[in-house]
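S.K.: sharing a model that was predicted from the sequence below.
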Amino acid sequence: MSAIRLENLVKRFGDFTALKTMDLDIADGEFMALLGPSGCGKSTTMNMIAGMEDPTSGRILFDGRDMAGVPMGRRGVGFVFQNYAIFTHMTVRQNLAYGPRMHGRPRAEIERRVGAIAELLQLTPLLDRRADRLSVNILQRVAIGRSAILEPAIFLLDEPLSNVDAAFRAVMRTELKHLQRQFRQTMVYVTHDQLEAMTMADRIAVMDHGVLQQVGTPLEVYNNPANVFVARFIGAPGMNLLRGRPAESDRGLVIDLGPLGATPPLPDALAAAVRRNSGDVLYGFRPEQVSLAADGRGLAMPITFVERIGARTVVHLGEGDSGVKVVFENDLSAAIGETMVIVPNAESVRVFDAASGRAIGAVR
Ligand code: ATP
């Protein structure tokens, strides 16, 4: 049992504020990803949970118990870093057994645990290999095993896959999720890679410049980003955002996008919220959530680039601030210089206040 609560957590290094008043509840057994660009304060937050850094102010509670002054070794946390920390002169088996041995576990239990964790992480055939003969991919797997074997109630992973190759990363994403399901630990996973967060986490805490931007399930942050930072950061490519001004039309409320013309009318609930807001807005839609206009009515934009990734086609339309990307899950015929007329799917359109960047309408 280990729920984590961060309460008004602040971290300053001299004059620099790395984390500004973070409040976050992580449920027992939950897989929470801390996601954001480099320097946003993810590792700082993680280090404070681990007990490697003291908060400047605020509290960290494990199951309601204040962790202030509790050293790392007494917090019941397992920690895996970006750079695997393993003993290269030892075999995989010795590395895995190291933690339980230090804790004085009986030999039979150590053997059983090593066998089980090796099986789970597909290390069984490598158990008697020396670590200095293994690839970076395998070493990181051993590092994860070394922490996991202690079955910590809280498992903290800081960019554990950033040094392994892409194919292996995909395998490890699945394995880490299995590992967590099996042990039901509370897992906090730091990453700047939204794909990792989206595929593994139960919920994602999106951070930028030391500020928590939004907490939600992968689908919540994808479908209903709280602000333009989250809208752009989540998704590959991120959400398209076009600046414009709300305008009444005989078909309902539209967004006047200047030279690009007017958008299709907004759905009623969104239109009502946008009417209550004053000033310019950003009209947002996901690259995957568009169709080609059947009747020629839509946003007509010049094709500026076409990327074909297998059967997936990413089409770049327009340029600069009025540029968007659209994704089609087929091998669409599209040539640079042609005009494409697109219609964002009405229900997936999101509108943001241009001045504050905040989503207009309910963020569910
Ligand atoms: P990355 O993925 O690059 O590690 P991050 O989101 O984990 O990014 P942090 O490592 O938490 O970011 O760092 C947040 C900010 O705090 C950065 O600007 C970093 O330079 C600064 N910082 C971190 N540790 C210290 C320190 N000991 N002294 C001064 N500044 C620090």
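M.R.: Sure, I can see it. Numbering: from 1, shown residues only.

S.K.: quick one, what contacts the closest residue to the ligand within the stretch 51-200 of the chain?
M.R.: Residue nearest to the ligand within the stretch 51-200 of the chain: His192 (5.5 Å; CB to the nearest ligand atom). (C-beta placed from N, C-alpha, C; glycine too.) Applying CB atoms under 8 Å, 6 or more residues apart in numbering to His192 gives the contacts 35-38, 42, 159, 162.

S.K.: and for Gly235?
M.R.: Contact partners of Gly235, counting by CB under 8 Å, 6+ apart, are 194, 222, 286-288.

S.K.: pick the one among those closest to Glu53.
M.R.: Among the contacts of Gly235, Gln194 lies closest to Glu53 (CB to CB), at 25.3 Å.

S.K.: phi, psi of Ala236?
M.R.: Phi and psi for Ala236, reported as degrees, to the nearest 10, are phi -140, psi 100.

S.K.: and Leu241, by the same measure?
M.R.: Dihedral angles (degrees, to the nearest 10) for Leu241: phi -130, psi 120.

S.K.: count the neighbours of it for me.
M.R.: Neighbourhood size, Leu241 [other CB atoms under 10 Å]: 20.

S.K.: what bridges to it?
M.R.: Gly284 (DSSP bridges).

S.K.: same thing with Arg358?
M.R.: Per DSSP bridges, the residues bridged to Arg358 are Asn227.

S.K.: contacts only, for it.
M.R.: If a contact means CB under 8 Å, 6+ apart, then Arg358 has 226-227, 352 as its contacts.

S.K.: redo these as TSV? Include neighbour count.
M.R.: Listed next are these as TSV, based on neighbours: other CB atoms under 10 Å:
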residue	neighbour count
Ala226	19
Asn227	19
Phe352	25
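
S.K.: which of those residues sits closest to Asn8?
M.R.: When the contacts of Arg358 are ranked by distance to Asn8 (CB to CB), Ala226 comes first, at 19.8 Å.

S.K.: surely that closest one and Gln214 touch.
M.R.: Yes - assessed by CB atoms under 8 Å, Ala226 is found in contact with Gln214 at 4.1 Å.

S.K.: can you tell me how far Asn95 is from Thr45?
M.R.: As judged by CB to CB, to the nearest Å, Asn95 and Thr45 stand 28 Å apart.

S.K.: compare the two and say which is more crowded by neighbours.
M.R.: Taking neighbours as other CB under 10 Å, Asn95 and Thr45 compare with Thr45 leading, 28 against 25.

S.K.: would a markdown table of the contacts of Arg358 with distance to the ligand be doable?
M.R.: Listed next are those as a markdown table, based on distance: CB to the nearest ligand atom, whole Å:
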| residue | distance to the ligand |
| --- | --- |
| Ala226 | 19 |
| Asn227 | 18 |
| Phe352 | 24 |
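
S.K.: what's the burial count for whichever residue of the stretch 251-364 of the chain sits closest to the ligand?
M.R.: Scanning the stretch 251-364 of the chain for proximity to the ligand using CB to the nearest ligand atom identifies Gly357 as nearest, at 19.9 Å. Using other CB under 10 Å, Gly357 has 17 neighbouring residues.

S.K.: in space, what's closest to it - neighbours in sequence excluded?
M.R.: Once flanking residues are discounted, Gly357 sits nearest to Val228: 4.3 Å by CB to CB, 6 or more residues apart in numbering.
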